[in-house]
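>>> Fold the following, please.
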Amino acid sequence: MKLLEIKNLHVKTQDNIEILKGINLTINSGDMLAILGPNGHGKSTLINAIMGNPNYIVSEGEILYKGEDLLKLSVDERARLGIFLCFQNPCEIPGVINAEFLKSAINEKSDKKISFYNFYKLLNESCEELNIPFEMTNRSLNEGFSGGEKKRNEILQMKILNPNFVMLDEVDSGLDVDAINLVSKEINKQREKGSTFLVVSHYARLFDLIKPNRTAVIVNGKVVLEGDEKLIEKIDKYGYEWMESELNISVKKEEDAPIVLGTCATKVIVNEK
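Reported below is the predicted structural model:
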């Protein structure tokens, strides 16, 4: 069953720089879709546009989630539908306690508010499984966290919120081998619960552990190739240069691609309220 449909999606920055130039992509329920592509070609832009990050402007096209037009919905409304984004660079939000943020997020998704006891039982068990010190949940959201702590905290959010559709933007960057194994294990558990995944990464190690059933490659703001795990293996071995000779696709170098500093959608919502 189709979960997410992206049709002719064009996205630009607030400086009017076009990043996505006609993305077409369908994600089915239960997919573990790997998104690959050179740096600066639109991978992070795509998932930020799906989530509704205000720093990215959709100038043309559609994003349909279970048939519903996502472009008409705010970030928090998309989150209530069960869409979750693990940020590449999770932002720090001083004054917002980690545990309180999680409890509020749970209550926003449910008609019945979770009890104090049940929430802290869930939080404690989740921290133990992810090898996160419980005292981290009493600190401001991501403030003073190391890169690895921020990524584990994102996975903690995923585990507790139990979303239907999960987007992971380089969740493995900055993690050591043990942390990658732990995070991958939790991703696989979440998949077993029925969640659908869109995963951006440059490293075959993560994909070896989570075993995507589909692969899509974004080059120059478009999906230029789709395949299975063999496509990941080829890119890991040869990079992207072979696309020029075999597919006549000119791959723009990273230094020629625009640099976009994303705005944390979560931080925007918190500051608005």
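>>> Do me a favour and get the end-to-end distance for stretch 169-188?
16 Å (CA to CA, to the nearest Å).
>>> Need the per-residue pLDDT for Tyr203.
Predicted confidence (pLDDT) for Tyr203: 85.
>>> need the contact list for the closest residue to it other than its chain neighbours.
Spatial nearest neighbour of Tyr203, chain neighbours left out: Asp172 (5.8 Å); criterion: CB to CB, 6 or more residues apart in numbering. Backbone N, C-alpha and C define where each C-beta goes, glycine included. By CB atoms under 8 Å, 6 or more residues apart in numbering, the residues touching Asp172 are Lys151, Ile180, Val183, Ser201, Tyr203, Arg205, Leu206.
>>> Could you look up the SS state of Asp172?
Asp172 carries the three-state label coil when classified by DSSP: H, G, I helix; E, B strand; the rest coil.
>>> so is Glu149 in a helix, a strand, or just coil?
Note that with three-state DSSP, the state of Glu149 is helix.
>>> Need phi/psi at the nearest residue to it once chain neighbours are set aside.
Among residues not flanking Glu149 along the chain, Met136 sits closest, at 6.7 Å (CB to CB, 6+ apart). With angles defined as degrees, to the nearest 10, Met136 sits at phi -60, psi -30.
>>> you'd agree Met136 is up against Gly148?
No - assessed by CB atoms under 8 Å, Met136 is found out of contact with Gly148, at 11.6 Å.
>>> quick one: the helices in the stretch 51-200 of the chain?
75-80, 98-109, 116-129, 147-161, 177-192 (DSSP state H, counting those that start in this stretch).
>>> Return the most buried member of the ones you listed.
helix 147-161 (a mean of 20; mean count of other CB atoms under 10 Å).
>>> Kindly export that helix (C-alpha atoms) in CSV.
Written as CSV, here are the backbone C-alpha positions of helix 147-161 (Å, rounded to 0.1, in the frame of the first residue of the first chain):
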residue,chain,number,x,y,z
GLY,A,147,27.2,14.5,19.0
GLY,A,148,26.6,10.8,19.9
GLU,A,149,24.3,11.7,22.8
LYS,A,150,22.2,13.9,20.5
LYS,A,151,21.8,11.0,18.1
ARG,A,152,20.9,8.5,20.8
ASN,A,153,18.4,11.0,22.2
GLU,A,154,16.8,11.2,18.7
ILE,A,155,16.4,7.4,18.7
LEU,A,156,15.0,7.6,22.3
GLN,A,157,12.3,10.0,20.9
MET,A,158,11.6,7.6,18.1
LYS,A,159,11.3,4.7,20.5
ILE,A,160,8.9,6.5,22.9
LEU,A,161,6.8,8.2,20.3
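>>> so that helix versus helix 116-129, what angle?
Between the axes of helix 147-161 and helix 116-129, defined by axes from the mean of the first three to the mean of the last three CA atoms, to 10 degrees, the angle is 140 degrees.
>>> Contacts for helix 147-161, please.
So helix 147-161 is contacted by 84, 86-87, 89-90, 98, 102, 105-106, 109, 122-123, 126-127, 129-132, 136, 141-142, 145, 166, 171-176, 179, 182-183, 186-187, 189-190 (CB under 8 Å, 6+ apart).
>>> ranges for the strands of the stretch 151-273 of the chain?
In the stretch 151-273 of the chain, the segments counted as strands under DSSP state E, counting those that start in this stretch are 165-169, 196-200, 214-219, 222-227.
>>> Quick check: buried residues in the last one?
This points to strand 222-227. Using 16 or more other CB atoms under 10 Å as the test for burial, strand 222-227 gives Lys222, Val223, Val224, Leu225.
>>> okay, and the helix or strand of the chain with the least pLDDT?
Of all helical and strand segments in the chain, the minimum by mean pLDDT, DSSP states H and E falls on helix 265-272, at a mean of 47.
>>> What is the distance between the strand or helix carrying His10 and the centre of its chain?
Under the criterion of DSSP states H and E, His10 resides in strand 2-13. Distance of strand 2-13 from its chain centroid, counting by CA atoms, centre = their mean, to the nearest Å, is 15 Å.
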